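K.L.:
Build me a model from this:
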Amino acid sequence: MIVTHEFESKVASGAAAAALGAAAIADTIAARGHANIVVATGASQFEMLDHLVAAAHVDWSRVSAFHLDEYVGIAPDARASFRRYLRERFTHKLPALGAFTFIEGDAENLDAELERLNLLLDVHPIDVMFAGIGENGHLAFNDPPADFTSTIAYKLVELDLPCRQQQVREGWFADLDAVPVHAISMTVQRILSSRTIVLTVSDERKADAVQKVLEGEISNRCPASILQQHDACHLFLDRSAAMRLSPRRASLTA
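P.N.:
You can find the predicted model right below:
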């Protein structure tokens with residue numbers, strides 16, 4: 001079941017998502033002394049990350065964070081690099097952070113990089129997952145038709161055309177030819193293994209995907225729809241992203 005939280009603005013939605021995620025992190029630290037989290041990127045995460053890094057009640061020294069996905073072959077300082085995004089919006093703002101594991105998408109040996117990442121995630125069960133939903137319904141970079149069966153943590157994936165076009169529309173790349181065709185992505189099953197999932201989605205261009213995820217059938221043609229099976233998944237929406245939902249769902253909470 002996906003619990004939806006609908007807000008008037010993306011600022012309010014991002015703040016609420018960060019508050020729930022920060023509380024889940026703090027509760028995990030209180031119970032076990034440490035928390036493992038996964039952090040996503042993209043335009044939908046801006047407001048959420050702004051509020052998350054300001055959560056003073058979280059002992060960030062007791063948090064190990066991991067990177068959700070990264071383009072293959074992109075330099076770490078490139079404008080569209082998710083490593084650059086996370087350094088600027090997350091790690092540089094949390095100097096006390098216990099650890100952060102970046103995906104080296106430009107590694108010379110991608111097989112060795114995947115082995116490194118998978119070994120790390122196998123001994124760090126995910127407590128809190130922060131993510132979004134793509135315009136094509138993708139979850140991380142698991143584009144349709146997504147692999148719902150793989151249980152490894154990370155794998156090499158091919159990006160479909162709608163996904164690559166989204167990256168251009170959001171301004172990360174100058175044109176379609178500049179968008180990489182492949183990426184390293186956390187798998188669907190490993191995302192589902194997270195104890196708590198916090199999704200933040202905004203803007204009208206995501207409204208069709210949101211409607212399919214919440215009200216459609218579970219299908220690998222809309223990868224994020226599988227989150228209907230998760231026990232603790234929370235979806236935070238602004239008014240625009242919620243605009244296609246049926247009337248029984250489309251009531252703003254703030």
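K.L.:
hey, let's count contacts and neighbours off CA atoms from now on
P.N.:
OK.
K.L.:
mind listing the helices in this structure by residue range?
P.N.:
Here the chain has its helices, by DSSP state H, at 10-32, 46-52, 82-89, 110-122, 161-169, 188-192, 207-215.
K.L.:
Distance to residue 147, mean neighbour count and mean pLDDT for those helices - can I get that in TSV?
P.N.:
Listed next are these as TSV, based on distance: least, CA to CA, whole Å; neighbours: other CA atoms under 10 Å; pLDDT from 0 to 100:
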stretch	distance to residue 147	mean neighbour count	mean pLDDT
helix 10-32	27	20	98
helix 46-52	28	19	98
helix 82-89	22	19	97
helix 110-122	17	15	97
helix 161-169	16	16	94
helix 188-192	7	21	98
helix 207-215	16	21	97
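K.L.:
Turn those into a markdown table, columns for distance to residue 244.
P.N.:
Listed next are the helices of the chain as a markdown table, based on distance: least, CA to CA, whole Å:
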| stretch | distance to residue 244 |
| --- | --- |
| helix 10-32 | 16 |
| helix 46-52 | 22 |
| helix 82-89 | 30 |
| helix 110-122 | 36 |
| helix 161-169 | 20 |
| helix 188-192 | 25 |
| helix 207-215 | 6 |
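K.L.:
between those, which gets nearest to residue 233?
P.N.:
Residue 233 sits nearest to helix 188-192 of all those, at 9.3 Å, using CA to CA.
K.L.:
Please state the offset of that closest one from the chain centre?
P.N.:
Centroid separation for helix 188-192 versus its chain: 11 Å, with CA atoms, centre = their mean, to the nearest Å.
K.L.:
what's next to it, contact-wise?
P.N.:
Here helix 188-192 makes contact (CA atoms under 8 Å, 6 or more residues apart in numbering) with 129, 139, 142, 146-153, 223, 227, 230.
K.L.:
related to what we said a few turns ago, what about the helices of the chain, which gets the closest to residue 135?
P.N.:
helix 207-215 (5.7 Å).
K.L.:
Next one, pLDDT for the closest residue to residue 164 other than its chain neighbours please.
P.N.:
Leaving out its chain neighbours, the residue that sits closest to residue 164 by CA to CA, 6 or more residues apart in numbering is residue 179, at 6.2 Å. With respect to pLDDT, residue 179 scores 96.
K.L.:
just for the stretch 101-250 of the chain, where's the confidence low?
P.N.:
Low-confidence segments of the stretch 101-250 of the chain, defined by pLDDT under 70, span residues 248-250.
K.L.:
please redo it, this time with the cut-off set to 80
P.N.:
Low-confidence segments of the stretch 101-250 of the chain (pLDDT under 80): 247-250.
K.L.:
on that earlier part again, what's the closest of the helices of the chain to residue 75?
P.N.:
Here helix 82-89 is closest among the helices of the chain (CA to CA), at 8.9 Å.
K.L.:
Only alpha carbons, please: show the closest one as CSV.
P.N.:
The C-alpha trace of helix 82-89 is given here as CSV (Å, rounded to 0.1, in the frame of the first residue of the first chain):
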residue,chain,number,x,y,z
PHE,A,82,24.5,12.7,-9.9
ARG,A,83,27.7,12.6,-7.9
ARG,A,84,28.0,16.4,-8.4
TYR,A,85,24.3,16.9,-7.6
LEU,A,86,24.7,14.9,-4.3
ARG,A,87,27.9,16.6,-3.3
GLU,A,88,26.4,20.0,-3.8
ARG,A,89,23.0,19.3,-2.2
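K.L.:
For residue 33, the count of nearby residues, please.
P.N.:
Neighbourhood size, residue 33 [other CA atoms under 10 Å]: 12.
K.L.:
Nice, that's everything, thank you.
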